[in-house]
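Chemist: compute the structure for the input listed below.
(2 chains)
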Amino acid sequence: MTNYRIQGATGEWEVVIGLEVHAQVTSNAKLFSGAATAFGAEPNSQVSLVDAAMPGMLPVPNRECIRQAVRTGMAIDAQINKWSRFDRKNYFYADLPQGYQISQLYHPLVGEGRLDIILDDKDPENTKTIGIERIHVEQDAGKLMHDQHPTMSYVDLNRSGVALMEIVSRPDMRSPAEAGAYLRKLRAILRYVGSCDGNMEEGSMRADVNVSVRKPGEPFGTRTETKNVNSVRFVMAVVEGEARRQVDLIEDGGKVVQETRLYDPDRNETRSMRSKEDAHDYRYFPDPDLLPLVLEDDFLADCRASLPELPDAKRHRYETALGLSAYNAGVLTAEVETARWFEALLEESAARQGKPEGEVAKQAANWLMSELFGALNRLGKSLETSPVSPAQAAELLALVGDGTISGTIAKQVFEKMLETGDGAGAIVEREGLKQTSDTGAIDAAIAKILADNADKVEQYRGGKEALFGFFVGQTMKAMAGKANPQLVNELLKKALG
Amino acid sequence: MTDLTELTVAAIRTGVASGDFTAREVAEGFNANVAGAQNALNAFIVTTPDKALAAADAVDADRAAGKVLGKLAGVPIGMKDLFATHGVQTTAASHILEGFKPQYESTVSQKLWDAGAGMLGKLNLDQFAMGSSNETSYFGNVISPWRRNDGGNAALAPGGSSGGSSAAIAARLCPAATGTDTGGSIRQPAAFTGISGIKPTYGRCSRWGIVAFASSLDQAGPMARDVRDCAIMLEAMAGFDPKDATSLDLPVPAWEAGLSADLAGKTVGIPREYRMDGIDADVARSWEDGIAWLKDAGAQVVDISLPHTKYALPCYYIIAPAEASSNLARYDGVRYGLRDLPDGAGLQDMYAATRAAGFGAEVKRRILIGTYVLSAGFYDAYYTQAQKVRTLISHDFKNAFTECDVILAPTAPTAAFALGEKSGDPLEMYLNDVFSVPASLAGLPAMSVPAGLNREGLPLGLQIIGRPFDEQGVLNAGLAIEQRAGFVAKPDIWWK
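Modeler: Predicted coordinates:
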């Protein structure tokens, strides 16, 4: 779908990208302990005896974390392994109290899956499938704090033991844009499912970016892995920069070495962290404190039944059942919050206007995407912090729908709603903005306008029909925008003969 | 008046309940014995006489108030220093945990306190339960109360790793104690000191709060003077614990009430692979005695085969160190226990210094072995292969139990050896586990009961191995042997 090429001295190069995304599982407790997981708590205030690896403490799997990972797997259409197992990844570091991370190397919980990305919002039917190799669950580590003491580092174990899903893609992406689209789509799915809040700023989601380059058609080159990249923009920057670096290196006669790299957002470059030679020997082996994880059919059925409608299915339904354009359907389903807001608005609108959802969908979609998004953008707010609720918006749309106010007046009313927080009906009443269908008043206004513009009437009657709009505008202006536009059209046509 | 410290758990329980004596009198008696033997036997790492008295007073008060008393009301016991005890130093006999006082109580010890038992102290053991003679303890080895009848005064090993437990019971410092068994650490010391001890089915007793050695093998169990006391103790210790993912979610049977030495209709298997060349003559004789006693109790005796027995020891000495190398990674000087931070040292230096100073030679040896067998390039040849062998060993037992109900074998290849006799050669030491390790690898209940004395006047033990969950069958066969062996020998009290 894309033809992203890096121009080198020796010709064009193709970039090959795979992402390992670490997503923090949304759950009240850690993967193997009952300690809380809230972000931003006082250091070491959310640490159980298990998380601190006190002698004799044992891990017990948290059912909710497993459930969330299984639901995520189902959402990417993956094979769910009814038998999986936890392994220990052994290494020493001060933020790792047990001296090992409990992870799943040999038998992950979720196997092969996939998701479809859209590169061009204007053309949502044109998708590319990105393979997902596996999802496994594992413990997060704690955090070192180097700025608390002149010679010592402090350790905060609040994150120690928090459940992560590691979602490993196939090396199926070929451009920064594809990598970005994949990450956004994955994030959207996680948020739809509710298995991860996708908050990259708080570290709930971060990506290890595997990049290699090759001449198109040739076998894969040697890859580097850039660790812990924490925004979509940075991931795209890493791909772009790393691909360029590798091409330059190879063309200068060098060789790409398989290594772990770190991204420095301030300088927008990656630098080597450690090479394969000093890679750890993690001595993975099955965790003997834990039995294999065996999933029952009932559990799987519950997981499946609890899945919401996912973005692709929703987009399809918006197009077919609600008659929205592909573009609108794409925008409204891209984020779960947007879809939720839209569906609440749709339900309220249909109820208020006494019509099926399909008949109010376009009105609601257009209003949400132009009026509401515009206003939120201006105010620096999001849907979650929107000053206007779906119910309030539905009241406004119903007033337009039943002809009480015109679309133009609706814009004014909406502004007042944002300013005052009052309901649309109350504002229309108070400000006297009700649309008039009083034919006498409209006829009077028309008569005056035709009299004042006799020359234009002459021209119109002489065939310059484009002037009709001018008369409509003048009439509406004379009526302070409150005249029923349809009636104005009718009466004008009659008056102009 | 009877010496209360000569009484069994059952007798103490009954005597306290019926008011023949108070729990306080019992605790005072054992406290005195503990204090009197501490210098000579070194069975305890810390003594807690006040805890024993406080528990006893609570029982006496409950009795006076007419309350229902627990299964172990008034029984003071020793606690192997591998069990975390709230506010009481818990060391695993290591320097790295010296001074560590947990803010939590292990599930098993809590169950014992809830049943009315009191704590006399924390018992010495091989460091991190790694050893068969108690010589690896950082706090000095335990001396067995037993001596050879050759007139010499050679200090003997009490067995290991639960050597403090075995020595203390044999010397009447406590009527019962907790042990843990990873490859024989309850059974072998019980055999060496003429007492009984049972390792239940893996998962019967919660491992929560027990300092881990090898998680897939570690199992707590009781050690006591006789089979009935083991049954009483085990009932109090066992039970499902949601805090241990490997805990068995099964009700605890009434093992004491189910005791019966009538083995009519039962079949006892004798594994031919355990008849090794050069087997100690006294051990062979006591095994024959055991066969005769079980026949006398009504059992059929059949020969069985456990063909993979010879691989059990190497398999065990791969799996146990592998798990240990990982389990002991948490002792790093960062959060608790010993920290050795040389001047100007970084994190890696602190790890190296702390662990070099904090672990003894045997612990280091096993960490090195474990690290080696798990490392890239060797994992499949060692660890994976050992896991396969472990499965084969389990199958051996499964097949054998289609032909018999319990298996009878010696507990250890010899009686107690002298301290220093084997400590120079780790392999020879490891060979002492040859009869006990297979049941551990298969997770089976197994117990050792005294069967008599060898020509040196030292106790020999017989081992009964049962089907998974069939502690009752094991205890009953043990009882049948106990009743016929008539083992009444006890060590002379040479330390007073």
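
Chemist: contacts, neighbours, all on C-alpha from now
Modeler: Will do.

Chemist: surely A:E20 is within a strand?
Modeler: Yes: applying DSSP: H, G, I helix; E, B strand; the rest coil, one finds A:E20 inside a strand.

Chemist: number of residues surrounding it?
Modeler: 23 (other C-alpha atoms under 10 Å in any protein chain shown).

Chemist: three-state assignment of the residue nearest to it when sequence neighbours are not counted?
Modeler: Counting by C-alpha to C-alpha, 6 or more residues apart in numbering or on different chains, A:V168 is the residue found nearest to A:E20 once chain neighbours are left out, at 4.4 Å. Counting by three-state DSSP, the backbone at A:V168 sits in strand.

Chemist: I'd say A:V168 and A:R134 touch.
Modeler: Yes: with contacts counted by C-alpha atoms under 8 Å, A:V168 reaches A:R134, the gap being 5.5 Å.

Chemist: list the contacts of the residue nearest to A:E20.
Modeler: A:G18, A:L19, A:E20, A:V21, A:I132, A:E133, A:R134, A:I135 (C-alpha atoms under 8 Å, 6 or more residues apart in numbering or on different chains).

Chemist: can you tell me the element B:I291 falls in?
Modeler: For B:I291, the host element (DSSP states H and E) is helix B:281-296.

Chemist: which strands and helices sit next to that helix?
Modeler: strand B:300-304, strand B:406-410, strand B:446-453, strand B:459-466, helix B:471-485 (3 or more C-alpha pairs under 8 Å, 6 or more residues apart in numbering or on different chains; DSSP states H and E).

Chemist: quick check: which of these is nearest to B:D396?
Modeler: strand B:300-304 (9.7 Å; C-alpha to C-alpha).

Chemist: tell me how far the helix or strand encompassing B:G164 is from the chain's mean position?
Modeler: In this assignment (DSSP H and E), B:G164 forms part of helix B:163-170. When C-alpha coordinates are averaged (C-alpha atoms, centre = their mean, to the nearest Å), helix B:163-170 and its chain have centres 10 Å apart.

Chemist: burial check on B:F213, number of neighbours?
Modeler: 28.

Chemist: ok, it - contacts?
Modeler: B:F128, B:A129, B:M130, B:T182, B:A320, B:E323, B:A324, B:N327, B:L328.

Chemist: quick check: which element contains B:V34?
Modeler: Taking DSSP H and E as the definition, one finds B:V34 inside helix B:23-41.

Chemist: I'd like the mean pLDDT over the helix or strand just after that helix, please.
Modeler: Beyond helix B:23-41 on the C-terminal side, the first helix or strand identified by DSSP H and E is strand B:44-47. What strand B:44-47 shows for mean pLDDT is 98.

Chemist: check which residues of strand B:44-47 are buried.
Modeler: Neighbour counts over strand B:44-47 (16 or more other C-alpha atoms under 10 Å in any protein chain shown) mark B:F44, B:I45, B:V46, B:T47 as buried.

Chemist: what about the nearest residue to A:N62 once chain neighbours are set aside, is that helix, strand or coil?
Modeler: Leaving aside its sequence neighbours, A:N62 sits nearest to A:L31 (C-alpha to C-alpha, 6+ apart; 5.3 Å). Under the three-state scheme (three-state DSSP), A:L31 adopts coil.

Chemist: what about A:L31, neighbour count?
Modeler: A:L31: 29 surrounding residues under other C-alpha under 10 Å.

Chemist: list the contacts for it?
Modeler: Contacts of A:L31 (C-alpha under 8 Å, 6+ apart): A:V60, A:P61, A:N62, A:C65, A:E138, A:Q139, A:G161, A:V162, A:A163.

Chemist: whichever of those end up buried, select them in PyMOL.
Modeler: A single PyMOL command selects the buried members of the contacts of A:L31 (16+ other C-alpha under 10 Å):
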select buried, chain A and resi 60+61+62+65+138+139+161+162+163
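
Chemist: and the contacts of A:L31, which is closest to A:F468?
Modeler: Out of the contacts of A:L31, the member with the shortest distance to A:F468 (by C-alpha to C-alpha) is A:C65, at 65.3 Å.

Chemist: would that closest one count as being in a helix?
Modeler: Yes: assessed with three-state DSSP, A:C65 lies in a helix.

Chemist: ok, it to A:S27 distance?
Modeler: 6 Å (C-alpha to C-alpha, to the nearest Å).

Chemist: which secondary element of chain B has the worst mean pLDDT?
Modeler: One helix or strand of chain B scores below all others by mean pLDDT, DSSP states H and E: helix B:426-431, with a mean of 85.

Chemist: and that one, what's buried?
Modeler: Neighbour-count burial for helix B:426-431 [16+ other C-alpha under 10 Å]: B:M429, B:Y430.

Chemist: where does pLDDT dip in the stretch 51-200 of chain A?
Modeler: Residue ranges of the stretch 51-200 of chain A with pLDDT under 70: none are present.

Chemist: would you map the strands across it?
Modeler: Along the stretch 51-200 of chain A, counting by DSSP state E, counting those that start in this stretch, strands occupy A:83-84, A:87-90, A:100-103, A:113-118, A:127-139, A:143-145, A:154-156, A:163-169.
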